[in-house]
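Novice: 3D model of this:
(one chain, ligands or ions: 2)
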Amino acid sequence: MSVPKHFLDIDRLDSGTLQGILTLGHDLKKSRKSGAAGRPLDGKTLVMIFEKPSTRTRVSFQVGMQELGGHTVILTDDQSQLGRGETVADTARVLSRYADAIMIRTDDPAKLIELEEYATVPVINGLTDQSHPCQIMADIMTFEERRGAIRDRKVAWTGDGNNVVTSWVHAAARFGFEMRIATPDELKPSDQLIAWADDGADLVVTDTWVSMGDEDAGTRHNMLSPYRVDDALMAKAAADALFMHCLPAHRGEEVTDSVMDGPQSVVWDEAENRLHVQKAILSWCLS
Ligand code: CP
Ligand code: NVA
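Specialist: Ligands and ions are numbered 1, 2, ... in the order given. As a prediction, the model looks like this:
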C-alpha cells in the first residue's frame, strides 16, 4: 500500500512541496473568480474531527471540499465515540474505510501522530496545541499576493509563544525568511520590545493571549499587555508593513481596533485564503 500524503506540519514537508501547494492555492483563487475551476475531488469524502471550537477552519474546509466536488462529514467530541474513549488508533482504522482524508483539530499533538500512524488515508492538521500549519500557509499566501516572495523578509511576532508562532517558525526555515519573536519567557522590558520592532519588519503578527484550553487568563493578560499591537508599535515597523492575525481576535487586548481595521491589516484576506490554500492542500493530499 502506498504511503498517504499527510499534511501534518510545515517542518515535515520540503520547501518545493510547500511552494507548490501555495502556487496551486493562488491558481485556485484565480480560477474560482473566473469560474474555471473543475471538480477534481468528485466523489471524495473528508472527515473532520473537531475536539475544539472553530469557525474558519470548519467552514473553509467544508466549502473548499464542496467546491472541489467532494463532501465532508463532521465529528465532534461530544457526538462521537472518541469522546467516550474509543482510541484514536481504532477511529483512524474505521474512518479510513469510509473516507478519503481525515482532518483533525485537537488539543494533543500525540493524537495527530496516532492518527497518522493508523490511518491509511491522508491526515491534515487543523490545529493542535502545538501548531497550526494550514493557517500559516494561508498567511504566507496572503503575504505573497501583497508583497511577492517572503524569502529574506522580516516577520515580527509579538505576544504569546503559542501554536501559531510555532508554525511561523517552521515556515521561516522552509521559506527562508527572518523571524523575530517578542514573547515573555521572562517579561522583557518594553523598551527592548520597541527596539525589536524598530528594525524594519515587513510583517507584524500576533494572536490571542488566551488560546483554547489555556486556563490562566488573568496571568496571561497581565503578562502580555505590553505586547499589544497598537499604532505606536506598527509605526516602528517598515512603513509598508502588513499586520496579520489568524483570528478570532480579542479587540482591545492583543490588538487595537485602529490596527485591526487600519490600512495595514490584511486579516480578512488571511481568512479568505484559508479556503484557497486548503483546497490546494486537499488537492495535493489526494493527488
Ligand atoms: N484561525 C482559525 O483557525 O480560526 P477558527 O478557530 O475559527 O477555525
Ligand atoms: N492560538 C489560538 C489559535 C486559534 C485559531 C488557539 O489555539 O486558540
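
Novice: how about low-confidence regions in the protein?
Specialist: 1, 185-198 (pLDDT under 70).

Novice: For it, just list every one of the helices.
Specialist: 15-34, 56-67, 88-98, 109-118, 133-147, 163-175, 190-197, 217-224, 231-236, 257-260, 267-285 (DSSP state H).

Novice: contacting residues around the longest one?
Specialist: When contacts are defined by C-beta atoms under 8 Å, 6 or more residues apart in numbering, helix 15-34 is touched by residues 10, 37, 67, 137-138, 140-141, 144-145, 171, 174-176, 273, 276-277, 279-281, 283-284. C-beta: built from backbone N, CA, C; applies to glycine.

Novice: Just want the angle from it to helix 56-67.
Specialist: Computed by axes from the mean of the first three to the mean of the last three C-alpha atoms, to 10 degrees, the angle separating helix 15-34 from helix 56-67 equals 70 degrees.

Novice: okay, the helices of the chain in CSV with mean neighbour count and distance to ligand 1 next?
Specialist: What follows is the helices of the chain, written out as CSV (neighbours: other C-beta atoms under 10 Å; distance: least, C-beta to the nearest ligand atom, whole Å):
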stretch, mean neighbour count, distance to ligand 1
helix 15-34, 16, 16
helix 56-67, 19, 3
helix 88-98, 17, 20
helix 109-118, 18, 15
helix 133-147, 24, 5
helix 163-175, 21, 8
helix 190-197, 15, 23
helix 217-224, 14, 17
helix 231-236, 17, 21
helix 257-260, 17, 14
helix 267-285, 23, 7
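
Novice: mind putting the ones you listed in JSON lines, distance to residue 242 included?
Specialist: Listed next are the helices of the chain as JSON lines, based on distance: least, C-beta to C-beta, whole Å:
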{"stretch": "helix 15-34", "distance to residue 242": "17"}
{"stretch": "helix 56-67", "distance to residue 242": "19"}
{"stretch": "helix 88-98", "distance to residue 242": "38"}
{"stretch": "helix 109-118", "distance to residue 242": "29"}
{"stretch": "helix 133-147", "distance to residue 242": "6"}
{"stretch": "helix 163-175", "distance to residue 242": "14"}
{"stretch": "helix 190-197", "distance to residue 242": "14"}
{"stretch": "helix 217-224", "distance to residue 242": "22"}
{"stretch": "helix 231-236", "distance to residue 242": "10"}
{"stretch": "helix 257-260", "distance to residue 242": "11"}
{"stretch": "helix 267-285", "distance to residue 242": "9"}
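
Novice: With respect to residue 183, which of the ones you listed lies nearest?
Specialist: helix 163-175 (7.2 Å; C-beta to C-beta).

Novice: does that closest one come close to ligand 2?
Specialist: Yes: on the criterion C-beta under 6 Å from any ligand atom, helix 163-175 is in touch with ligand 2 at 163, 164.

Novice: now for that helix, which elements pack on it?
Specialist: helix 15-34, helix 133-147, strand 154-158, strand 178-182, strand 203-206 (3 or more C-beta pairs under 8 Å, 6 or more residues apart in numbering; DSSP states H and E).

Novice: what's the closest of these to residue 79?
Specialist: Closest among the helices and strands packed on helix 163-175, using C-beta to C-beta: helix 133-147, at 23.1 Å.

Novice: does any part of the closest one sit near ligand 2?
Specialist: No: using C-beta under 6 Å from any ligand atom, helix 133-147 stays clear of ligand 2, coming no nearer than 6.5 Å.

Novice: what distance separates that helix from the centre of its chain?
Specialist: From the chain centre to the centre of helix 133-147 is a distance of 9 Å (C-alpha atoms, centre = their mean, to the nearest Å).
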